[in-house]
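K.L.:
Sharing a model that was predicted from the sequence below.
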Amino acid sequence: MEVEGFYRRILPSPPAIDFSSSEGKKLFLEAIFEGNMEGFFNLNSYFQTQSEPAYCGLASLSMVLNALTIDPGRVWKAPWRWYDENMLDFCEPLEKVKETGISFWKVVCLANCAGAKVEAFHANQSSIDVFRNHVSNCSSSDDCHLIISYHREVLNQTGIGHFSPIGGYHAMKDMVLILDTARFKYPPHWVPLTLLWEAMSTIDESTGKQRGFMLVSKNDRAPASLYRMSCKHESWGRSTRYLMDDVPALVGSGLLKDVPAILSTIFTSLPPYFYQIIKRVVQVPRNKEDGGEALNEEETGWNNIKDTILKQVKETNLFKYITEVLQSEKLAEPTKCKVCTPDSFLNISSTSLCCQAAGIPMGKSGFSEGPCCHDACARICNGAQVANVLVAVSQTEPISGSECCSCGVHRHSPVVLTSILLALPPQTWSAIKDKKVQDDLYALVLTEGLPPLLLQEIMQLRNQLLVLKKCREEGIEDDLSTPSL
């Protein structure tokens, strides 16, 4: 009887050598004696098979994040915090990744937003000798790992683009161990480093750029506690361009005569769906019936840290200034949306809340596309046990608002705007022509002297914003790279 589908593939050898073969085991032992398998053991402890045909990038990254013991800061399955492919949804909708795969720079963005330190290189931005040096350094330590993007056909394997971590290096024979995340297809295997470099030097037809590699290590700073930048919404490229390119041009125009005029112009010029670029770590109910438990001491401590950072943001002179500007310009008041009628806000079922209060215990990860119903959320969440999740700011600012979930009309949030302006690079304001105005603004956005917790939060956001800028410059706004098995 004919059986549908495929049961594995025969590993083409040469050029590859099966890790579990006699020769593969010999290479493993020799590499251990060389000291080039130090990174293998942590990686292998968290080795996972990608759960979807196009999840190779997500599976590679979740392996590496767990191997580096990076705490996701939110619950996987109550009460456990753990990186799983389905947790990596803050730079690209999972349904989109499932259908089209994920690009090289989106994986870089994900790693950065997850709190890791990332250095990424297209093959034509590096050299085989530099790559070999990185492979050797990462393989001889357990505090950094390499994720490679390569073309399978160069290795005589079926499929096209693929991501996987490197698990070790045999220096004498110049071979690397690929921990292939598609274990249902190929087992872990050794390949010549020179051939792998050739496979990484191929052009990804969907982007027009060469593939490459990224070094992922643990960041000295803890992950951001309040907010994280995101490229999940399609407007992220436009919003990044606005912050990194348009704002400097606006303030350097010479037409804005004082700080209130500068701030007011920045706020009134925000592009549609701007607030989708930043997500807030919020709390949603943890249902006892679904295995939820009361907050432990560590989680309570996290909540206290978030409260402290929020308090510190509100104590900055910039926050007070922004609040005054918004109130004077009547920008802090909820904007009347011409698309969403007032009645539409009354049609939200308490079982389909905008901030996933009902969805999380059932394992759902999507957000409602409809308007927010903060009152319903408040009623359901009141007194409930909670778990951390990432949601759009537009779903978590019931008092000051941000923007309509449906049409992108802004209701400005002083806390978010303060955090973003503090996170902008200092050179953003260097084009201001009036020296006094420039000095006045620098006095508001200067990060020196900020409390340590707030400074750490702002530096994380700044780093993530710079990564988004790099991603946009790499042209991935419409990048639909499709890794194939």
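P.N.:
Nice, I can see it. Residues are numbered from 1 along each chain as shown.
K.L.:
all strands of the stretch 51-200 of the chain, in order?
P.N.:
Shown for the stretch 51-200 of the chain, the strands assigned by DSSP state E, counting those that start in this stretch span residues 116-122, 144-151, 161-170, 175-178, 189-192.
K.L.:
same question, the stretch 201-350 of the chain
P.N.:
Counting by DSSP E, counting those that start in this stretch, the strands of the stretch 201-350 of the chain are 203-204, 209-210, 212-218, 227-229, 278-285.
K.L.:
Tell me what Val176 is bridged to.
P.N.:
Val176 forms beta bridges with Tyr169, Val191, as assigned by DSSP bridges.
K.L.:
could you dump the strands of the stretch 201-350 of the chain to JSON lines with mean pLDDT, distance to Ile147 and mean neighbour count?
P.N.:
No exception for glycine: its C-beta is placed from N, CA and C like everyone else's. Shown next, in JSON lines, are the strands of the stretch 201-350 of the chain (pLDDT from 0 to 100; distance: least, CB to CB, whole Å; neighbours: other CB atoms under 10 Å):
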{"stretch": "strand 203-204", "mean pLDDT": "89", "distance to Ile147": "15", "mean neighbour count": "17"}
{"stretch": "strand 209-210", "mean pLDDT": "89", "distance to Ile147": "15", "mean neighbour count": "20"}
{"stretch": "strand 212-218", "mean pLDDT": "94", "distance to Ile147": "5", "mean neighbour count": "22"}
{"stretch": "strand 227-229", "mean pLDDT": "80", "distance to Ile147": "20", "mean neighbour count": "25"}
{"stretch": "strand 278-285", "mean pLDDT": "61", "distance to Ile147": "23", "mean neighbour count": "24"}
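K.L.:
Same list, the strands of the stretch 51-200 of the chain, but as TSV with mean pLDDT, mean neighbour count and distance to Arg280 please.
P.N.:
Below are the strands of the stretch 51-200 of the chain laid out as TSV (pLDDT from 0 to 100; neighbours: other CB atoms under 10 Å; distance: least, CB to CB, whole Å):
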stretch	mean pLDDT	mean neighbour count	distance to Arg280
strand 116-122	90	19	20
strand 144-151	96	25	28
strand 161-170	96	26	29
strand 175-178	97	26	38
strand 189-192	96	22	43
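K.L.:
Show me the one of those that comes nearest Leu444.
P.N.:
For Leu444, the closest of the strands of the stretch 51-200 of the chain is strand 116-122, at 29.3 Å, according to CB to CB.
K.L.:
roughly how far out does the closest one sit from the chain middle?
P.N.:
Distance of strand 116-122 from the chain centroid (CA atoms, centre = their mean, to the nearest Å) equals 13 Å.
K.L.:
ok, now stretch 271-278?
P.N.:
Centroid displacement of stretch 271-278 relative to its chain, using CA atoms, centre = their mean, is 16 Å.
K.L.:
pLDDT weak spots in the stretch 201-350 of the chain?
P.N.:
For the stretch 201-350 of the chain, the stretches with pLDDT under 70 are 221-225, 281-299, 330-350.
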